[in-house]
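Engineer: model the structure of this input:
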Amino acid sequence: MAEHVQRVEYYYATLDDTPGTGARVMSALKDADVNLLAFLAFPLGGGKSQLDLVPQDPTALVKAAGQAGISLSETKWAFFIQGEDRVGAVTGITGELASAGINITAATAVGAGAGRFGMIVWVDQRDYNRAASALGI
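Structural biologist: Predicted structure coming up:
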């Protein structure tokens, strides 16, 4: 597999689904100099949204969130993948997990420009170590 796969910690916050709420969280993290490898936001219903935050430095994220009054989940784990963009770039990752009998809970991938792509993959936390083995890490 030519992709670079790494284990990453992530946290999520459940927020009010109102204009500007996510922007306020992102501004607080920026002001605290927290670099995110990835984030994903989506509606939960009932006027709430979930914001998944994948920090480069988990300790810095937890500290900044606490100072900003942002409640985070306990530590969760995902996979952060980067590689050369091409047709079928994600099939190696998804195929390895499928061959190991591991269901992908969620995934997102994007072309990053300059011939590169990035992807984040979530699996059931009970399958995480087995998934890491399947991905060769």
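
Engineer: how many residues are close by the nearest residue to residue 65 once chain neighbours are set aside?
Structural biologist: Sequence neighbours aside, residue 72 is the residue nearest to residue 65 in space, at 5.1 Å (criterion: CB to CB, 6 or more residues apart in numbering). C-betas here are computed from N, CA, C, even on glycine. Residues lying near residue 72 (other CB atoms under 10 Å) number 18.

Engineer: pLDDT averaged over the helix or strand hosting residue 52 - what is it?
Structural biologist: Using DSSP states H and E, residue 52 falls within strand 48-55. For strand 48-55, the mean per-residue pLDDT is 98.

Engineer: cool, and stretch 86-105?
Structural biologist: On average, the pLDDT along stretch 86-105 is 96.

Engineer: give me the distance between the residue nearest to residue 65 and residue 79.
Structural biologist: Separation of residue 72 from residue 79 (CB to CB, to the nearest Å): 20 Å.

Engineer: can you give me the strands for the protein?
Structural biologist: Listed in chain order, the strands found in the chain under DSSP state E are 4-16, 36-45, 48-55, 76-84, 104-113, 116-123.

Engineer: for residue 62, find the nearest of those strands.
Structural biologist: Minimum separation from residue 62 across these (CB to CB) falls at strand 4-16, 7.3 Å.
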